[in-house]
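In: quick check, what structure comes out for this input:
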Amino acid sequence: MGDILKENHAIFLGLYTALARTRSSSRVVYQKIIEAQRQYFTNLDGNKLTENQAKTLEVLDEAMHKFYLAGYTLEQLWGVHHYLKVADRGLPDLYDENLTSRQNEILFMLSSLLDQALYSWRSFLDFYLKYLVLFLTGEYIISASTSEFRKK
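Out: Here you go, the predicted structure:
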């Protein structure tokens, strides 16, 4: 039981480290974009948001949340990639031959993280498309193809 707890602790610490790095970069962008949109609406119509503007901010917040999730996955991918580059140079305190010599497992991990990152970024783009249509036309869509987006 102790080994499983140690392994889970190591996984948790690694993921939490990736989250902390993501928070220091992507989260700041997230907050600035939301605030910029809020300021635009405030300058446009005074202090009170219309119902459509409030909905637009909500959809933008959802899109930016997807951006944050995608950034988190990308941070994990970059973390593994950069570790392997450093470990490959044979730095004694970072090099672990038991880990870095298992190419099939490393390729699986990298492809898994890349797959997650691509799905996350696609999800962000879908939500951002919803935001753009709502912002530009005032029409809320559940889903739309690129051609439908261009028509609107």
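In: poorly predicted segments of this structure, please.
Out: For the chain, the stretches with pLDDT under 70 are 1, 87-101, 144-146, 149, 152.
In: how about 80 then?
Out: Scanning the chain for pLDDT under 80 picks out the ranges 1-2, 27, 45-47, 83-103, 142-152.
In: please enumerate the helices of it.
Out: 2-45, 51-88, 97-100, 103-137, 146-151 (DSSP state H).
In: now those as JSON lines including mean neighbour count?
Out: For the C-beta atoms, the positions are set from N, CA and C on the backbone; glycine is no exception. Output for the helices of the chain, formatted as JSON lines (neighbours: other Cβ atoms under 10 Å):
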{"stretch": "helix 2-45", "mean neighbour count": "12"}
{"stretch": "helix 51-88", "mean neighbour count": "17"}
{"stretch": "helix 97-100", "mean neighbour count": "10"}
{"stretch": "helix 103-137", "mean neighbour count": "15"}
{"stretch": "helix 146-151", "mean neighbour count": "10"}
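In: so the residue nearest to K66 when sequence neighbours are not counted versus F41, what's the distance?
Out: Spatial nearest neighbour of K66, excluding adjacent residues (Cβ to Cβ, 6 or more residues apart in numbering): F124 at 3.9 Å. Distance of F124 to F41, computed by Cβ to Cβ, to the nearest Å: 22 Å.
In: do the same with I11
Out: Distance from I11 to F41, counting by Cβ to Cβ: 42 Å.
In: before we move on, what about V28?
Out: V28 sits 21 Å away from F41, going by Cβ to Cβ.
In: list the residues that contact the residue nearest to K66.
Out: With contact taken as Cβ atoms under 8 Å, 6 or more residues apart in numbering, F124 is in contact with A63, K66, F67, L69, A70.
In: need those in JSON lines (columns: distance to R23).
Out: JSON lines is the format used below for the contacts of F124 (distance: Cβ to Cβ, whole Å):
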{"residue": "A63", "distance to R23": "18"}
{"residue": "K66", "distance to R23": "16"}
{"residue": "F67", "distance to R23": "13"}
{"residue": "L69", "distance to R23": "12"}
{"residue": "A70", "distance to R23": "14"}
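In: right, I'll call it a day here.
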